[in-house]
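[1] Sequence and predicted structure are below.
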Amino acid sequence: MKTKGELKRDYKNTPPPMGVFVIRNKTMNRFQVRATRNLPGAINRVRFEMTHTSGPSKSEIMNDWRALGPEAFEIEVLDVLEPKKDAPGWDPASDLEELQGMWHARLVDEGATPYYG
């Protein structure tokens, strides 16, 4: 059994999962796909910003969130990108961008309308 210190070290040395997630307006069949190096952190940030930001917004998705309420939306992880452990110095940015583009195109093909910005 690992000690508390070993568990803590393992946690700190484990990178957060990275990948692509969607913010989906279930009422209007609209979406926004985002790619990130930290899925849990990015999803928590979206929930916080949408719920706690006040004042005028230039973002259509935020305006819809305020008008329809959070129950009209869902946030879902679409794809998780595994780190390439055998490639030192690997930068996931281009892989994340490619995944984001693929998911965006797929959702448009399924008939959903994207939010931009």
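    Looks like it came in fine.
[2] Show me the residue at the heart of this protein, geometrically.
    residue 21 (3.6 Å; C-alpha atoms, centre = their mean).
[3] dump the residue contacts of the residue lying closest to that residue once chain neighbours are set aside.
    Closest residue in space to residue 21, ignoring its immediate chain neighbours: residue 77 at 4.9 Å, by C-beta to C-beta, 6 or more residues apart in numbering. Every C-beta, even on glycine, is put in place using the N, C-alpha and C of the backbone. Counting by C-beta atoms under 8 Å, 6 or more residues apart in numbering, residue 77 touches 19-21, 39, 43.
[4] From these, pick the one nearest residue 106.
    Set against residue 106, the nearest of the contacts of residue 77 by C-beta to C-beta is residue 20 (10.6 Å).
[5] Count the residues that sit near that closest one.
    Applying other C-beta atoms under 10 Å, we find 24 residues neighbouring residue 20.
[6] dump the residue contacts of residue 33.
    Residue 33 neighbours (C-beta under 8 Å, 6+ apart): 20-22, 78, 100, 103-104, 107, 114.
[7] Apply 6 Å and report the result again.
    22, 100, 103-104 (C-beta atoms under 6 Å, 6 or more residues apart in numbering).
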